[in-house]
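In: Give me a 3D structure for the following:
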Amino acid sequence: MDSIEVAIADLRLQDKPNITATAKKHGCNRTTLSKRFRNVTGSRAAAHDSMRLLN
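Out: The predicted model follows:
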């Protein structure tokens, strides 16, 4: 599993999610983690899958 996915799973278990501390703990970018956690952006794999369906 990717470090972002592990960090998102960790955030979901927290009562009050602390994105900065979780990003440092798992060694990932805080901004990317925040956007992925809030469903603003998705993974590259998901983007590639959706593009593949267009053809």
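
In: Backbone torsions only: list them for the residue nearest the centre of the chain.
Out: Nearest to the mean C-alpha position of the chain, by C-alpha atoms, centre = their mean, lies Arg36 at 3.8 Å. Dihedral pair for Arg36: phi -70, psi -40, per degrees, to the nearest 10.

In: The spatially closest residue to Ala23 that is not a sequence neighbour: how many residues sit nearby?
Out: Residue nearest to Ala23 in three dimensions, not counting chain neighbours: Arg30, with 4.1 Å by C-beta to C-beta, 6 or more residues apart in numbering. Any C-beta I mention is one placed from the backbone N, CA and C, and that applies to glycine too. If you count neighbours by other C-beta atoms under 10 Å, Arg30 ends up with 14.

In: correct me, but Arg30 touches Leu11?
Out: No - Arg30 is beyond contact range of Leu11, at 11.6 Å (criterion: C-beta atoms under 8 Å).

In: still on that earlier bit, check contacts around the residue nearest to the centre of the chain.
Out: Arg36 makes contact with 4, 8, 42-43, according to C-beta atoms under 8 Å, 6 or more residues apart in numbering.

In: Give me the buried entries from the residues you listed.
Out: 4, 8 (16 or more other C-beta atoms under 10 Å).

In: Quick one: end-to-end distance for stretch 25-35.
Out: 17 Å (C-alpha to C-alpha, to the nearest Å).

In: what comes up buried for it?
Out: 26, 28, 33-34.

In: One more: stretch 6-19?
Out: Per 16+ other C-beta under 10 Å, stretch 6-19 contains these buried residues: 7-8, 10-11, 17, 19.

In: Relative to Ser50, which of those is nearest.
Out: Of all those, Ser50 sits closest to Ile8, with 19.4 Å by C-beta to C-beta.

In: Make sure that closest one is actually in contact with Ser34.
Out: No - the pair Ile8 / Ser34 is not scored as a contact, 10.3 Å apart, by C-beta under 8 Å.
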